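In: All I have is the shape, not the residue letters:
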């Protein structure tokens with residue numbers, strides 16, 4: 001992981017502007033798709049994740065699920081969330097919906113969940129603890145930027161706290177050796193990153209027990225250039241490897 005001399009002249013990170021179509025597969029069998037639309041400029045950012053999967057594909061995302069988030073950016077590039085929403089694509093009136101709303105400083109002002117859990121089973125995370133974290137989408141923008149900034153250095157780990165409306169955790173990316181990954185018909189040099197989480201608050205006893213047994217090994221691969229696009233993700237499960245691979249890009 002030693003930084004090559006070329007990184008001394010590292011290009012500035014490009015804003016994440018991607019309209020990507022990903023195939024979700026298990027051992028070569030297609031299980032669904034994920035459409036990801038990310039937009040970013042000097043003052044704002046947003047992301048829409050449209051997931052339709054089945055079977056073990058739910059490890060990556062629940063069937064027919066939408067995640068929508070947006071926020072602003074400060075002059076020094078900090079990400080400030082405005083709204084985060086996770087909901088099913090159908091039966092919104094009866095299914096589980098999570099909505100988070102933040103003020104201009106990025107502090108949470110409102111949390112809505114249509115089917116809240118029994119607090120004796122899932123402890124509610126106090127707002128003051130939520131405000132030490134960011135929603136998962138904002139966290140992904142932050143980790144991407146931090147990881148790219150660390151490439152020319154000997155630092156191989158970046159981390160941030162995330163809150164998804166239920167659980168507060170520390171998300172960490174650990175860089176491994178670069179890898180060649182086939183993307184849209186050609187092999188691409190990528191930055192290979194392992195993603196791990198450490199629970200902090202809001203987890204049920206069942207979730208903590210599952211975590212202690214070992215989270216699935218999740219890896220994400222970014223293009224090794226200033227675009228720094230996520231082109232593939234993998235998760236090892238008891239029944240094989242689940243993958244999410246970029247298969248096409250459209251104009252935003």
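Out: Noted; the coordinates are in hand. This structure is a prediction, so every number in the text was calculated from the model and none was measured. Numbers count the residues shown, from 1 in each chain.

In: Please count neighbours and contacts with C-alpha atoms only from this point.
Out: Will do.

In: Burial check on residue 48, number of neighbours?
Out: Counted with other C-alpha atoms under 10 Å, residues neighbouring residue 48 total 19.

In: same deal with the one 3 residues further on?
Out: Each residue near residue 51 was counted by other C-alpha under 10 Å, and the total is 25.

In: just checking, it touches residue 64?
Out: Yes - between residue 51 and residue 64 a contact is recorded at 5.4 Å, counting by C-alpha atoms under 8 Å.

In: what's next to stretch 26-46, contact-wise?
Out: Under the contact criterion C-alpha atoms under 8 Å, 6 or more residues apart in numbering, stretch 26-46 has outside partners 15-25, 47-57, 68-75, 77, 240-244, 252.

In: Ok, stretch 11-25 next?
Out: With C-alpha under 8 Å, 6+ apart, stretch 11-25 has contacts from 30-41, 53, 57, 145, 148, 226-229, 242-252.

In: any chance you could map the strands in the stretch 101-250 of the chain?
Out: For the stretch 101-250 of the chain, the strands defined by DSSP state E, counting those that start in this stretch occupy 108-113, 157-163, 168-175, 179-183, 186-201, 217-223, 230-237, 240-250.

In: can you list the ones you listed in CSV and add distance to residue 101, mean pLDDT and mean neighbour count?
Out: Shown next, in CSV, are those (distance: least, C-alpha to C-alpha, whole Å; pLDDT from 0 to 100; neighbours: other C-alpha atoms under 10 Å):
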stretch, distance to residue 101, mean pLDDT, mean neighbour count
strand 108-113, 5, 94, 15
strand 157-163, 12, 98, 21
strand 168-175, 16, 97, 20
strand 179-183, 36, 93, 17
strand 186-201, 20, 95, 17
strand 217-223, 28, 94, 20
strand 230-237, 27, 91, 20
strand 240-250, 29, 91, 18
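
In: need those strands in JSON lines with distance to residue 88, can you?
Out: Output for those, formatted as JSON lines (distance: least, C-alpha to C-alpha, whole Å):
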{"stretch": "strand 108-113", "distance to residue 88": "13"}
{"stretch": "strand 157-163", "distance to residue 88": "19"}
{"stretch": "strand 168-175", "distance to residue 88": "22"}
{"stretch": "strand 179-183", "distance to residue 88": "29"}
{"stretch": "strand 186-201", "distance to residue 88": "24"}
{"stretch": "strand 217-223", "distance to residue 88": "24"}
{"stretch": "strand 230-237", "distance to residue 88": "22"}
{"stretch": "strand 240-250", "distance to residue 88": "20"}
